[in-house]
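Enquirer: Curious how this folds, go ahead:
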Amino acid sequence: MNIQITEKAKTELDNLYGDSKDDKVLRISAKSYGCGGASFALNLDDPREDQEIIKVDGYGFVLESGVSGNYKLFWQCIKKRNQDGG
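Expert: Predicted coordinates for the structure are as follows:
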């Protein structure tokens, strides 16, 4: 999986993580799947030993099981949101 984080996203992540970059992960979970597409939730959380942590540019991410199987869809949503300026 090749994930690149834009400078704008890094600024937002730095604001979110604060001083917790080494201790916290951004937990990505599927909130719902509906007619309008998938909806995802993002939460800064403590990592659990039983989960794989994806490290990108020093930031830790955890994909919950509902997202893991659909990670391509998730990253496409993120990419589109970034392109739309959101």
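Enquirer: Would you confirm that residue 62 contacts residue 49?
Expert: No: if you go by Cβ atoms under 8 Å, residue 62 and residue 49 don't touch, sitting 11.5 Å apart. Glycine gets a C-beta too; all of them are placed from N, C-alpha and C.
Enquirer: out of the two, which sits in the busier spot?
Expert: residue 62 (19 against 5; other Cβ atoms under 10 Å).
Enquirer: Quick check: bridge partners of that one?
Expert: residue 27 (DSSP bridges).
Enquirer: what residues are up against it?
Expert: Residue 62 makes contacts with 25-28, 45, 47-48, 51-54, as judged by Cβ atoms under 8 Å, 6 or more residues apart in numbering.
Enquirer: Repeat that for residue 26.
Expert: Per Cβ under 8 Å, 6+ apart, neighbours of residue 26: 13, 16-17, 42-45, 59-62.
Enquirer: What of residue 64?
Expert: 27-30.
Enquirer: Ramachandran angles for it?
Expert: Main-chain dihedrals, residue 64, degrees, to the nearest 10: phi -70, psi 160.
Enquirer: So what's the residue count around residue 53?
Expert: Neighbour tally, residue 53, other Cβ under 10 Å: 13.
Enquirer: Could you check the pLDDT of the closest residue to it other than its chain neighbours?
Expert: Computed as Cβ to Cβ, 6 or more residues apart in numbering, the closest residue to residue 53 that is not its neighbour in sequence is residue 60, at 4.8 Å. On the pLDDT scale, residue 60 is placed at 90.
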